[in-house]
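Participant: after the sequence you'll find the predicted model.
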2 protein chains.
Amino acid sequence: MDGEQGTAAVREAFIERMGVIAQADGMPRMSGQIFAMLVFDGEALAFGELARQLEVSRATISTSVRLLEDRGLIRRLNRRGDRQDYFQLADNAYVEMLRHARANTARARDEVAGTLADLPATAGDIRGRLNDFKNFYAEIETSLGDAIARIEKNRT
Amino acid sequence: MDGEQGTAAVREAFIERMGVIAQADGMPRMSGQIFAMLVFDGEALAFGELARQLEVSRATISTSVRLLEDRGLIRRLNRRGDRQDYFQLADNAYVEMLRHARANTARARDEVAGTLADLPATAGDIRGRLNDFKNFYAEIETSLGDAIARIEKNRT
DNA sequence: TAGTTTGTTCAGAAATAACTGAACAAACTT
DNA sequence: AAGTTTGTTCAGTTATTTCTGAACAAACTA
């Protein structure tokens, strides 16, 4: 049923799909495609190779890999006798992804907490609803923490 | 330190901030602002009132509330003797938010699973890495499920 | 019946985000 | 020294998303 295709074609499709998913997650498509390529290939890929294979400008690669580096999702390598930069999936990439998501959630919770702090102690019903909202974010943070712990355990 | 302000000003700030957070979460700003307003006020708000207070067109309200309704985050009400539609926070709004996030994650996992299915049984190293990736999504799904369970428990 | 209020839809405008090309600096090669 | 390769930055274009205004239908009111 599930027609087995050439590996190259599967790779192309995977990269394309991950670009779309990245976009849906509020990440630039190109960062998602680079990430997917590194997941699929495993080995380190050269800067120029990324631009060539993805058919985008080197400026785009530069910006995209910086984003991925800043989030701790990929590592930049140098090889002796080769001036190009190489990139590889960070070994804790998935954990870093979740940490980033958790940090975002914490920021949202802080906003709600700030609102609560600014609110007169009277308005008790409003405070109650904002507390529910804050608690919602807190639960997400807890859950992401659990997922992080489980993934780190598997990696050891 | 945390200067207590007028409730109206705190409300404005909260709505504004939640619009920004919604955007960061891949939701239109207006949907976020409407959601925030309903959280803050608790009571049902009229369609026209939303447009007036947020200073946007009724077309925008129409589109935004439909998105929120489709996700199960708000409820549309009617009041006898009033032709307007009213909107209220759904009582399981936070759970629905998490369910939506979990469904998105499952979709991503399916993409990876599909890639695995299309891949020749040989390429074992690639399969290993894709499995890690799939597992990453699976862990998120588990965690979101846990968060859902905890919030549902609290509500009972 | 003619007019009003209400919510929806859709083509298009406005705002935002992503990508490119060119200019540049650093590190090399010949 | 002159030329090449490499990665970065930024102004500007392209693409995408979000919002609006106008047209419309349904349900009411005078």
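Facilitator: Okay, I see it.
Participant: list the buried residues for stretch A:69-82?
Facilitator: By 16 or more other C-beta atoms under 10 Å in any protein chain shown, the buried positions in stretch A:69-82 come out as A:71, A:73-75. C-betas here are computed from N, CA, C, even on glycine.
Participant: domains for chain A, by residue range?
Facilitator: Using automatic domain parsing, the domains assigned to chain A come out as A:7-89, A:93-155.
Participant: centre of the chain to the shortest one, how far?
Facilitator: Read it as domain A:93-155. The chain centre lies 18 Å from the centre of domain A:93-155; the measure is C-alpha atoms, centre = their mean, to the nearest Å.
Participant: start and end of that domain, how far apart?
Facilitator: With C-alpha to C-alpha, to the nearest Å as the measure, the first residue of domain A:93-155 is 11 Å from its last.
Participant: let me see the mean pLDDT of that domain.
Facilitator: With pLDDT averaged residue by residue, domain A:93-155 scores 95.
Participant: is it in proximity to chain B?
Facilitator: Yes: on the criterion C-beta under 8 Å from any C-beta of the partner chain, domain A:93-155 is in touch with chain B at A:94, A:97-98, A:104, A:107-108, A:111-112, A:115, A:117-120, A:123, A:125-126, A:129-130, A:132-133, A:135-136, A:139-140, A:142-144, A:146-147, A:150-151, A:154.
Participant: buried subset of the residues you listed?
Facilitator: Using 16+ other C-beta under 10 Å as the burial test, these include A:94, A:97-98, A:104, A:108, A:111-112, A:115, A:118-119, A:126, A:129-130, A:132-133, A:135-136, A:139-140, A:142-144, A:146-147, A:151 as buried.
Participant: what's the angle between the top helix by length along chain A and helix B:124-155?
Facilitator: Secondary structure assigned by DSSP state H gives helix A:124-155 as the longest helix of chain A. Counting by axes from the mean of the first three to the mean of the last three C-alpha atoms, to 10 degrees, helix A:124-155 lies at 150 degrees to helix B:124-155.
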